[in-house]
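Undergrad: Mind folding the following:
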Amino acid sequence: MRRCKCCGQVIQGKPFRIRGKWTFLESLTAGDALTFDNEQEKERARYAARKKNIPCTTYKHDDGSGYSLVISS
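TA: Coordinates of the predicted model:
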């Protein structure tokens with residue numbers, strides 16, 4: 001446990017890397033869609049799909065409520 005030199009409060013370390021967060025992408029079929037609130041999570045999912053050679057399409061919702069990733073055939 002590390003503490004700040006000035007105030008003595010506990011300094012939390014960086015969280016461990018989450019492994020296998022996107023492994024469920026392999027079980028999705030053509031036409032399945034994932035919805036995200038922010039662009040950063042959408043880009044992470046798109047990158048994971050591309051690394052696994054899963055064809056997909058991403059788009060922003062017309063009303064600005066979020067983003068979607070759709071698995072292609």
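Undergrad: Break down this protein into its helices, ranges please.
TA: 39-51 (DSSP state H).
Undergrad: Show me where it dips below the pLDDT cut-off.
TA: In the prediction, the chain carries residues with pLDDT under 70 at positions 1, 12-18.
Undergrad: Enumerate every residue touching the spatially most central residue of it.
TA: Against the mean C-alpha coordinate of the chain, by C-alpha atoms, centre = their mean, the closest residue is residue 41 at 3.6 Å. Going by C-beta atoms under 8 Å, 6 or more residues apart in numbering, residue 41 touches residue 67. (Glycine included, C-beta is placed from N, CA and C.)
Undergrad: Wait, residue 45 touches residue 33, no?
TA: No. Applying C-beta atoms under 8 Å as the test, residue 45 and residue 33 come out as separate, 11.0 Å apart.
Undergrad: Give me the common contacts of these two.
TA: residue 69.
Undergrad: The two: which has the busier surroundings?
TA: For residue 45 versus residue 33, neighbours defined as other C-beta atoms under 10 Å are more numerous around residue 45 (19 against 12).
Undergrad: Skipping adjacent residues, who's closest to that one in space?
TA: residue 69 (5.2 Å; C-beta to C-beta, 6 or more residues apart in numbering).
Undergrad: tell me, how many neighbours does that neighbour end up with?
TA: Neighbours of residue 69 (other C-beta under 10 Å): 23.
Undergrad: what does residue 56 give?
TA: Neighbour tally, residue 56, other C-beta under 10 Å: 21.
Undergrad: For the residue lying closest to it once chain neighbours are set aside, give me its contacts.
TA: Nearest non-adjacent residue to residue 56, counting by C-beta to C-beta, 6+ apart: residue 49, 4.6 Å away. Residue 49 makes contact with 22, 25, 55-56, 69, 71, according to C-beta under 8 Å, 6+ apart.
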